[in-house]
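turn this into a structure:
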Amino acid sequence: MELSQTPFMSVVPLQQKAPVLLTSPHSGRYYPPAFLAASRLDATAIRRSEDSFVDDLFAAAPALGVPLLAANFPRAYCDVNREAWELDPAMFEDALPDFVNAASPRVSAGLGTIARIVGTGEPIYRRKLKFAEAQARIAMCWEPYHGELQRLIATTLQRFGVCLLIDCHSMPTLPSYRGGSRLADIVLGDVHGTSCAAAMTHFVESRLTGLGLRVRRNDPYAGGYITRFYGRPRDGVHVLQIEISRALYMNEAKFTKTEGFVRLNTIFSDLIAELVEHTAALLPSRDQRLAPAAE
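I've put the predicted structure just below:
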C-alpha cells in the first residue's frame, strides 16, 4: 500500500522570526484508493475523524515567519498523534510483536495508530488487516512526520534556545450548557500545566477570550501524544494543543467551509503575529534562565 504524494507538507519561511512552530497532524485529505477500497464506509463517512481545513486556518504562518507542518494523509489511515505502535490485536490476522502497545486507552477506544473506527464510532474496515500493512503505514507516514517535527524542534532550539509548538486540531461541536450556549469554542491542552509554561497558556487564552471566544483548559482535551511526548519545558520545549470547534468555521455534515471560516482565519493569523512578537519574552531561553541576576 503506497501514498501517491509526500506524507506531509512542511512550509518553512526563508527566515524564522520567532521560536514558534505550528503543526496540524489530523487535517490530511488524501485518502489512498486501496484504503478506500478496504473500508466499509463511503467517501464522506470515512472523513469523520478528519480535522478538516485546520491547516488552512493557520496557513498564514510561513508568511509571518513561522514554520507550518501538516500531514497530507488522514488520521483514519495513520494517526501521528499516537505512539508509533498503539495497535488493536483484534484488527489483525496475524499475531502482533511484543513491542506493540495493545493496552492503551486509545486502542481500547478504537483510536490507535491504525484506527478501528472513525470519530463517530463506525467501524472502518471490511476485513482484518495484516501487520505488514500497519508497518508500511508507520514507515510511510508516522516516521517521516515525526522525523520532520523533530528536525524543526531541534533547529528552533539551536537558533533561539527555546521552542513553542502549537499543535492544532478541531473538535466536533461539544454538548451545550443549560440555556443552549456552546460549552466551548476553543479547548487549550497543556496536560494540566506540565507541557507548557503557564504564562504562555494564559497569553493564548487571554487573546482568544478577548475576541469573544469561549475558551476552556484541558477539558475534555488535555493533550495527545504530541503534546505529552514533546512538551518538556525544562528542556526548553513548550507544547500547547489547541482544539477548535468545527461549528465555528465549517458545515460538519457536508465538509465545507462556512462564512465563519474567514473570521476565524483572521483571528488565528493575528494570534500567530502576536506569538511572533511576544514568545521570546514569555519563554526565556536556557541561557537567559541561567544568566546571573544583575547586581
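
the helices in the stretch 51-200 of the chain, which residues?
All helices of the stretch 51-200 of the chain, identified by DSSP state H, counting those that start in this stretch, fall at 54-57, 105-108, 131-137, 143-160, 198-209.

quick check: which of the ones you listed is nearest to D79?
For those, the distance to D79 is smallest for helix 105-108, at 8.3 Å, taking C-beta to C-beta. Backbone N, C-alpha and C define where each C-beta goes, glycine included.

so which bits of the closest one are buried?
Neighbour-count burial for helix 105-108 flags R106, V107 (criterion: 16 or more other C-beta atoms under 10 Å).

by contact count, what packs against that helix?
Contacting helix 105-108 under the criterion 3 or more C-beta pairs under 8 Å, 6 or more residues apart in numbering; DSSP states H and E is no other helix or strand.

what's it in contact with?
Residues outside helix 105-108 that contact it (C-beta atoms under 8 Å, 6 or more residues apart in numbering): R82, E86, L87, D88, N101, G112.

and if we set it to 7 Å?
Here helix 105-108 makes contact (C-beta atoms under 7 Å, 6 or more residues apart in numbering) with R82, E86, L87, D88, G112.

now swap in stretch 187-194 and tell me
Applying C-beta under 7 Å, 6+ apart, the contact partners of stretch 187-194 are 171, 196, 201, 204-205, 215-219, 221-223, 227-228, 231, 240-243.

how about the strands of the protein, start to end?
Per DSSP state E, the chain carries strands over the ranges 8-11, 20-24, 68-71, 163-171, 186-189, 215-217, 237-245, 250-251, 256-257.

which one of the ones you listed lies nearest to A273?
Here strand 20-24 is closest among those (C-beta to C-beta), at 10.5 Å.

could you list the paired strands of that closest one along with their orientation?
strand 68-71 (parallel), strand 163-171 (parallel) (DSSP bridges).

ok and the last one relative to helix 143-160, angle-wise?
Spelled out, that is strand 163-171. Between strand 163-171 and helix 143-160, the angle comes out at 140 degrees (axes from the mean of the first three to the mean of the last three C-alpha atoms, to 10 degrees).

tell me what angle strand 163-171 forms with helix 198-209.
40 degrees.

now the angle between strand 237-245 and strand 163-171, please.
Relative orientation of strand 163-171 versus strand 237-245 (the same axes, to 10 degrees): 20 degrees.

just to revisit the earlier point, dump the strands of the chain to CSV, plus mean pLDDT.
Shown next, in CSV, are these (pLDDT from 0 to 100):
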stretch, mean pLDDT
strand 8-11, 97
strand 20-24, 98
strand 68-71, 98
strand 163-171, 98
strand 186-189, 98
strand 215-217, 97
strand 237-245, 98
strand 250-251, 96
strand 256-257, 98
